[in-house]
Every structure is written in C-alpha cells, then in structure tokens.
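Enquirer: Just a sequence and a predicted model for now, questions to come.
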Amino acid sequence: MDLELAEEQQMVIDMAKAMLEEHCPTQLVRDMEDDAHGVPAELWSQMSDLGLNGLLIPEEYGGGGLGLLEGAFVYEELGRAMAPVPHFVSCVLSAKVLLAAGSDAQKEAWLGKIADGSAILTPAWLEPERGQGEKGIALEAKSEGATFKLTGRKRSVPYASAADQLVVLARTDAGVDLFLVDPNASGVTMKQLLSQGREPQYQIDFDGVAVSAENRIGEAGTGWATWNAAMHEGIILLAAQAIGGADRCLVETVDYANQRIQFDKPLGAFQALAHYMADASTRIDGGRVLVHEAAWNADQGRTIARFAPMAKLFCCEAYRETTRVCAQIWGGVAFTIEYDQQMFFRRAKALQLSWWDTPYLEELIASDVLD
Amino acid sequence: MDFDFSPEEQKFAEEVDAWLVENRDPVVMDHHRENFTQLSDTPERRAFMKKLAAKGWLGMSWPKEFGGQEIEGVYEYILNEALSKHAAPQIGKGVGIIGKTLIRHGNDFLKQKFLPLILDAEIEFAVGYSEPEAGSDAANMQLRADKVEGGWLLNGQKMWTTSAHFADWYWVGARTDQDKPKHDGLSLFLIDMDNPNLEVQSLPTIGKDTTNQVFFDDVFVPDEYLVGQQGKGFQMISEALDLERFTMFTLSPIANRSEVLVDWVKEAKRDDEPLKDDTNVRRTIAHIMTDTAVAKALSTRFVCAAKSGGKPPTIESSQYKLFTTSLSQRVCKDALDIQGHEGTIMEGQDDAPLRGRFEGAYRATMNETVGGGSSEIQKNIIARRHLGLPKNF
Ligand SMILES: Cc1cc2nc3c(=O)[nH]c(=O)nc-3n(C[C@H](O)[C@H](O)[C@H](O)COP(=O)(O)OP(=O)(O)OC[C@H]3O[C@@H](n4cnc5c(N)ncnc54)[C@H](O)[C@@H]3O)c2cc1C
Ligand SMILES: Cc1cc2nc3c(=O)[nH]c(=O)nc-3n(C[C@H](O)[C@H](O)[C@H](O)COP(=O)(O)OP(=O)(O)OC[C@H]3O[C@@H](n4cnc5c(N)ncnc54)[C@H](O)[C@@H]3O)c2cc1C
C-alpha cells in the first residue's frame, strides 16, 4: 500500500492548478453563469493546449492516454476552480461512449477533435418526468430502412447550444440505442433551462429527426450497457470534483474564521465552529482516498460496480454538507451574492443531484451488496 | 499509488490467515462475541498469546537489538487486522505502547527486565492515566509521587484501569513535581500489581467487561522503575496515545460487523417478505457499506502515513478514530433499527436475531467515542494542528 503520488502525477496536478489559477478566476465563473453558450474560449483553449481535454483519450487519437486516477487529480482541481467547461460531457462521457462502442469512422471523425477541443459533444439523456435508469429512456427512434426517425423530448442537456453533436439515448425496437445527432438537423429545437448550478442546460425537442443508421453508436440494443459503463467511470471523476469544491470551500472558510473577530475572538476560536470544520476535513480526506481507490481499481481493470457509486454518493454528500456548515460559519454574508460561498453551496447541491442522484446511487450500491 | 499490499506484505497476510485457521481456538476466537477477548483473562488466552510469541509475531517492528525484526509497522497492522478478523486477541499494549516507549525512553534496567517478557507474552499490563479529575484533560493527573530514599511513594487514585484485576504490571502516570506547570510535572512509573498497598475495585460497565478503579496508599516504587526522564511523562504519554490509536482501533471488527449485518439482512424476512426488499433497509445498507469503505480508506491513509516515517501520523490517526468509532456505533444502532423490537433481546439468547450480537455491540461500542481520546478531543487536534485554527480550546 502506498498513497504517494508519482512525480508525473504531481506534475499533472501542479500544471492543472497553475493553469486554473491563472485562467479561471472566480470572476470568470460568475460571468459564465447562465451564459447561453457557456464555454469560455480562452480557458477552453488553454485546457486543450495543455492536453487536459485529451487526457483520457488514447494517444492514437491525439490524446494523453492517461488513466482515471490522473483524471481524478485533474477533476479535483476543476472542482476547486468551479471551472465552467464542457469537459465532462465531451471529453469524458462522449469520448468514453465512442471509445467503447463507436465505429472506426465515428472514432476517426470525433475523438481527435474532442481531444484538441475543436469539437464539443454532449449526451442528451434525461427526459421530463422520467427517471435516471434504463426505463427513463422513452424518446422514440423508429427504424425506417436506413434511417431512424427520432421523436420526443430531452431535458437538461448541458452545453447543447455549443455542441457539434448530440449523443442521444433513444428507444428502438432493440432496446436503448445511442445516436450521434447533429443539433442543427431539421426537427431539432432547443430552449434554455435555468438551474441551480447555472451551467447552460437545454430542453431539446426532436420532431421526427432523421438520423442515418451509420450514426448509431454500437450494435443494436447495446446503448444502455455502453452508457452505464461510461457513467460508472465518469461519476468517479465527479466525486473528485466534489472533493475539490469542498476542499476549497473549507480552506477559504478556515481563513475567514481566523480573521473575523466577534466577541473579541476570531470565529475559529469558538469550538462549536472549529468542530464543524474538523468534521468537514475528515469527510473530505476520507472521500478523497475513496475516489483514488475507485479510480485506481478502474485503471487496474477491476470492477467498480460498487466503488464508483460509493465515491459519488459519499463525496457529493460531503461537498453538500461542507458548504452547508461553511455557510453557517460565514454568518449572514454567506447569504449574499457578493460572497463566493453561495456559489459553492448551489453547485454542491446541483452536482449531488446530477449524473445519478442519491436514491439512484443508493440503489446501485444496495443491489450490488444485497442482491 | 498502490492500494494493494506489496507481494511480501500479501504473503505475510496469507501466512497469518492460514495460521489462524489452523490454530482456531473456539475459546479465544469466538465469532458470536464482539472482539473484546483482550479485556478478559483466561488460561486459553494466555496460551494463545504464547503461540503468537513463538511465531515471532510480537514486536516485529522493534529494533533487532531488543529482539524485534526491524520491519515496518504495516506488518503489525496486517497481523492485528487478521487477529481481529478471526475474533482473536490482539498483540496488545505491551508490544504497541509500553515496549515502544521503553525502547525509546527507558533505562537499561527496564529494557532488560521488560522487553524480553513482552516478546515472550509472559506479562500483562494495565495502563493508568485516567483519574476522576483527569479524563480528557490527562495532564491534570493528581496521583502524587513523593521522593523518598531509594524511590517514590505514591498516593491517590486512578479511574478506569482496564485489566487491573489481572495485570501483572501497572504503567502509571503520577505527579512528581507539584509546583511545575501541569504538563511538566508528570512522570511515568512501572509498578508491580502485587504491591499490597494497591487496592483494585471492580467497576462494572454497560458492556460485557469490567474496568476498575485503583487506590494507592503509600505505594513504594524503587528509583529504577521511573520510566524515562522525570517530568517528561506527559510527552511520553502523548506519543504513546498516538501509538494506541494505531494499535487499538483496528478496522476489522467494524468491517466485520457491517458484513454480518448484510448477511443477516439477505436472509431475514418480515411478514413473509424478504427484508432486503424494503427500501429503507436498502438505503441504510448502502450508507453503512459506503461509510465502511471510507473508514477503510482512512485506515489505508493512516497506515501509509505511518509507513512513510518522519512525523507521527497524528492527524491521520485522529481523523481515522473520529470517523470509524462513530461509524461503529452507527452500524449497531442501524442494525437494531432494522431488527426492530426483536433486536433488543439480550445477547447470548437463542431467540435473539444473530444471538443478540448487535444488542451486545450496541452497548459495548458506546465507549469507543470516549476512550483513548474522545471524539471532541480528536476534533480539537484536527482543528488546531491540521487546519491551523486558534488554540483557544
Ligand atoms: C437576510 C438577512 C437579513 C437580515 N436583516 C437584518 C435586519 O433587518 N436588521 C439587523 O440588525 N440585522 C439583520 N441581519 C443580520 C443578522 O442578524 C446577522 O447576520 C446575525 O446576527 C449574524 O451576524 P453575522 O452575520 O455578522 O455573523 P457573525 O457574528 O460573524 O457569526 C459568524 C458565525 O460565527 C458564529 N459565532 C459568532 N459568535 C459566536 C460565539 N460566541 N460562539 C459560537 N459561535 C459564534 C455564528 O453563529 C456564525 O455561525 C440580517 C441578516 C440576513 C442574512
Ligand atoms: C470502558 C473504559 C475503559 C477505559 N480504560 C482505560 C484504561 O485502561 N486506562 C486509562 O487510563 N483510561 C481508561 N479509560 C478512560 C478514558 O480514557 C476516559 O474515559 C476518556 O479519556 C475520557 O475521560 P472522562 O471519561 O473523564 O470524560 P471527560 O474528560 O470528563 O469528558 C466528558 C465529555 O466532555 C468532553 N470534553 C472534555 N474535554 C473537552 C474539550 N477540551 N473540548 C471539548 N469537549 C471536551 C468529552 O469529549 C466528553 O464528551 C477507559 C474508559 C472507559 C469508558
């Protein structure tokens, strides 16, 4: 057992940290909230130039070919910076789906562009009033010879207005399938949804959108399995992102607690508050090791059916709880827009409920443990 | 980064595991009980400890000149985890606390006298820090040690001395300098428990084991039984407490408990329906298993920090103890909630679910968040030394 970082791993962290400190100040995060397009050009190109967008994509497609563990290090930094970028939807989920099930032509067409940031892909997954499991996919893809006709509604599609392709989960005769769909195709209409996390999100209506069968990703009926596998890897990174956000929120709060004087003492001298912070730090440090363990297991080719949902469940709860007690420690100012606390507080809840929420994760864990 | 044991460590873990299967002794290794065999003394337990000693497994991390093997503490961790997984007694305070402190600070006489006895499992210790007025505030010990010709005379009282009713020797903190600041006035002694001026009174607890209070009435301790430098007792105790958190609060009993509960839930029924199909039960199990995984992660972090040498893993051990002891209690509480009213049937009765294992554990684990430094004390340590918050508490 050894938790030391290799030199190259530390370099990845330092590089991501330094770049984000320079190119992702809090002001940028604020400016991008509810932006219709949502991709800060300069930050995005910095990430591409440093190889972060291609981090998890094999070298043959122009990526860095690194593992989920390195991904987790970078995601902790993205979480710390609250970086408003479509990295997760494009460079993780879409890339993983294509890598696992895409045809050679699909991989050739998109993976290089995802890696260098010149194209953005995003999954169109959730539907109004439907759940997050396989049953939730109702959007119909009707086979008509060499084409499929897609009809139905997706909600909460992140970065849809900036996307070059949508990765649509749809129901076919064979079950659930994944399709690459051009967002400019006729029959596609979008409406922006405002949400607590303030990333750009869209509701998308598909009105008999014609998609050639070549644009199906993988064999008929395999879409859910592909998606499910990509999600299991992806949520480990989101857990790392949660730890990054929680850690920064705590660090800034400790700093504030050392400076703000009430009753002739710094706030941190009140044990009631100090104990909140000690608990938060314990959850953060424990969650971080769990994330690393999950990512390491994935990189070793071992099953993550249990680890991945545990990491997301625990770390997102830790993030939410940390932002709650930290807001308490800041007192009244935490409630104002002027202070940054509210940004962490909103994002923590949004992240917890995004990409498999608490009940869904609990059930994944329970079925792995009990059934 | 590597979450697996190294091949040598793995080999050792397997060796220990196989040995424990082969040497299974139902009297000292009882899976129906919680793993507190340490706290009660039987001839079988002493015989078992002698076997461990014969394997060379006591004091593996000690220097060679004192009979150890100079191998990393991770081997002691592996051994301890395996012992508790098999519900066997652990290597104990002699090796982990007293031996290590004597090696670092003891005089030649004490080293020569006690270290071989510890390695041979010939000796049982009791640890006496706590007093009525010195619990969390360990530096506030009032037991008096007055200098007399050739030694010291001790007068006063200790509280909560586990094992005092069967221990051979007593590891005791006492105040040797009445006018120094409280942290600088304490010294450590080794006292023969046969001393006629010591009176041990049993103090039954809500758990299954008893602890004791001990009264000192002119107990004479010869000079050579002063451990280390006079006045440095508190510093040595703090160091030893870090070691105690490492050796005493093993993860296996907690992880085992979670697994026992899961296995039971898988089989249990209510109104002919499988209990495991109940949504609340499923949610509870998901959280218990997740938190158990986090506890394991914290223990890995702690072991790795201890391995990397340098400074003692104080923060890691505090976070580990804080998180796992509260989890330990939560698992018992949740288990009783799941078992419902039947779960309250006393341990040992055939009609109780799991023969009342969780009923017993619910009582017995209550002291985990208090003993060895309470949760609040751990939080103070984390807040001050890790987060850098002011020293106001
Ligand atoms: C929406 C809103 C509306 C408000 N409206 C009004 C109004 O109309 N009129 C008005 O006068 N005020 C108003 N307030 C101010 C409100 O009363 C203060 O926010 C509150 O008293 C806390 O003070 P503070 O925000 O300065 O936090 P601080 O006093 O800085 O406290 C920060 C943290 O330290 C803790 N803390 C402070 N002292 C101790 C201690 N001794 N022991 C332990 N913990 C301690 C607090 O509990 C808190 O968690 C309003 C506040 C808000 C958020
Ligand atoms: C079964 C059992 C076996 C034990 N065995 C031994 C033994 O073998 N040898 C030995 O020396 N001791 C032993 N102990 C004693 C144990 O170490 C003490 O119980 C423990 O250190 C707490 O002390 P206390 O019980 O006096 O509680 P107190 O110190 O009175 O604490 C009471 C409460 O106040 C809180 N508190 C105290 N100080 C602070 C602070 N600064 N900030 C915030 N909260 C605080 C505590 O966390 C606790 O919640 C044993 C205890 C038990 C229950």
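Expert: Looks like it came in fine. Ligands and ions are numbered 1, 2, ... in the order given.
Enquirer: Tell me which helix or strand whichever residue of the stretch 51-200 of chain A sits closest to chain B sits in.
Expert: Scanning the stretch 51-200 of chain A for proximity to chain B using Cβ to the nearest Cβ identifies residue A:69 as nearest, at 6.5 Å. The way it works is simple: take the backbone N, C-alpha and C, and place the C-beta from them, glycine included. Using DSSP states H and E, residue A:69 sits in helix A:68-81.
Enquirer: Look up how far residue A:317 lies from the residue of the stretch 51-200 of chain A closest to chain B.
Expert: Between residue A:69 and residue A:317 the distance is 22 Å, computed by Cβ to Cβ, to the nearest Å.
Enquirer: between those two, who's got more neighbours?
Expert: residue A:69 (24 against 20; other Cβ atoms under 10 Å in any protein chain shown).
Enquirer: Excluding chain neighbours, give the residue nearest to that one in space.
Expert: Nearest residue to residue A:69, sequence neighbours excluded (Cβ to Cβ, 6 or more residues apart in numbering or on different chains): residue A:295, at 4.3 Å.
Enquirer: Run a quick neighbour tally on the one you found.
Expert: Neighbours of residue A:295 using other Cβ under 10 Å come to 28.
Enquirer: ok, it touching residue A:236?
Expert: Yes - Residue A:295 lies in contact with residue A:236 (Cβ atoms under 8 Å); the separation is 5.2 Å.
Enquirer: got any residues that touch both of these two?
Expert: Counting by Cβ atoms under 8 Å, 6 or more residues apart in numbering or on different chains, the shared contacts of residue A:295 and residue A:236 are A:68, A:71-72.
Enquirer: what's the pLDDT at residue B:33?
Expert: Listed pLDDT for residue B:33 reads 63.
Enquirer: now do residue B:39
Expert: At residue B:39, the pLDDT recorded in the model is 62.
Enquirer: residues touching the residue nearest to residue A:69, list them.
Expert: Here residue A:295 is in contact with A:67-69, A:71-72, A:236-237, A:240 (Cβ under 8 Å, 6+ apart).
Enquirer: Closest one to residue B:106 out of these, please.
Expert: Checking the contacts of residue A:295 against residue B:106 by Cβ to Cβ gives residue A:69 as the nearest, at 44.4 Å.
Enquirer: what comes up buried for the longest helix along chain A?
Expert: Ranked by number of residues, the top helix in chain A under DSSP state H is helix A:223-259. By neighbour count on 16 or more other Cβ atoms under 10 Å in any protein chain shown, the buried set for helix A:223-259 is A:223-227, A:230-250, A:252-254, A:256-258.
Enquirer: ok, the residue in the stretch 251-371 of chain A that ligand 2 sits nearest to - how many residues close by?
Expert: When scored by Cβ to the nearest ligand atom, the stretch 251-371 of chain A has residue A:271 as its residue closest to ligand 2, at 6.1 Å. Neighbour count for residue A:271, taken as other Cβ under 10 Å: 16.
Enquirer: Enumerate every residue touching the spatially closest residue to residue A:371 that is not a sequence neighbour.
Expert: Spatially, and ignoring its direct neighbours in sequence, residue A:371 is nearest to residue B:276 (7.6 Å; Cβ to Cβ, 6+ apart). Residue B:276 sits next to A:370-371, B:265-266, B:268, B:282, B:285 when contact means Cβ under 8 Å, 6+ apart.
Enquirer: Let me know the pLDDT of residue B:276.
Expert: Predicted confidence (pLDDT) for residue B:276: 97.
Enquirer: and if you look at the one 3 residues further on?
Expert: Looking at residue B:279, its pLDDT reads 97.
Enquirer: Residue A:100: what's it in contact with?
Expert: Counting by Cβ under 8 Å, 6+ apart, residue A:100 makes contact with A:218, A:226, A:229-230.
Enquirer: Go through the residues you listed and say which is closest to ligand 1.
Expert: Of the contacts of residue A:100, the one sitting nearest to ligand 1 (Cβ to the nearest ligand atom) turns out to be residue A:230, at 41.5 Å.
Enquirer: What separation is there between the closest one and residue A:59?
Expert: Separation of residue A:230 from residue A:59 (Cβ to Cβ) stands at 20 Å.
Enquirer: Can you name the residue of chain B nearest ligand 2?
Expert: residue B:135 (1.7 Å).
Enquirer: ok, that residue - contacts?
Expert: Shown in contact with residue B:135 (Cβ under 8 Å, 6+ apart): B:159-160.
Enquirer: Check residue B:240 too.
Expert: Residue B:240 touches B:97-98, B:100-101, counting by Cβ under 8 Å, 6+ apart.
Enquirer: near ligand 1, which of those show up?
Expert: Among the contacts of residue B:240, not one lies near ligand 1 by Cβ under 6 Å from any ligand atom.
Enquirer: Which of the residues you listed has the largest number of neighbours?
Expert: Using other Cβ under 10 Å as the neighbour criterion, residue B:98 leads these with 26 neighbours.
Enquirer: Do I have it right that residue A:356 meets residue A:234?
Expert: No - taking contacts as Cβ under 8 Å, residue A:356 lies outside contact range of residue A:234: 9.3 Å.
Enquirer: strands paired with the helix or strand that contains residue A:154, and their directions?
Expert: Assigning secondary structure by DSSP H and E places residue A:154 in strand A:147-158. Using DSSP bridges, the strands paired with strand A:147-158 in its sheet are strand A:140-144 (antiparallel), strand A:201-212 (antiparallel).
Enquirer: Of all those, which one is nearest residue B:151?
Expert: Taking Cβ to Cβ, strand A:201-212 is the member of those nearest to residue B:151, at 78.5 Å.
Enquirer: And the average pLDDT for that closest one is what?
Expert: 98.
Enquirer: Would you mind listing the outside residues contacting whatever helix or strand comes next after that strand?
Expert: Downstream of strand A:201-212, the next assigned helix or strand under DSSP H and E is strand A:216-217. With Cβ under 8 Å, 6+ apart as the contact definition, strand A:216-217 has outside contacts at A:97-98, A:101-103, A:106, A:148, A:167, A:177-180, A:223, A:226.
Enquirer: can you pull the contacts of residue 230?
Expert: Going with chain A. Residue A:230 is in contact with A:92-93, A:96-97, A:100, counting by Cβ under 8 Å, 6+ apart.
Enquirer: that answer is for a different chain, and I need it for chain B
Expert: Residue B:230 makes contact with B:176-177, B:187 under the criterion Cβ under 8 Å, 6+ apart.
Enquirer: how about a cut-off of 6 Å?
Expert: Contacts for residue B:230 (Cβ atoms under 6 Å, 6 or more residues apart in numbering or on different chains) come out as B:176, B:187.
Enquirer: Helix, strand or coil: sort out it for me.
Expert: Of the three states, residue B:230 takes coil under DSSP: H, G, I helix; E, B strand; the rest coil.
Enquirer: For it, grab phi and psi.
Expert: Note on residue B:230: its backbone torsions stand at phi -60, psi 130 [degrees, to the nearest 10].
Enquirer: Can you give me the buried ones in stretch B:139-156?
Expert: Of the residues in stretch B:139-156, those buried (16+ other Cβ under 10 Å) are B:139, B:141, B:143, B:145, B:151-156.
Enquirer: now do stretch A:149-156
Expert: For stretch A:149-156, by 16+ other Cβ under 10 Å, it's A:149-150, A:152-156.
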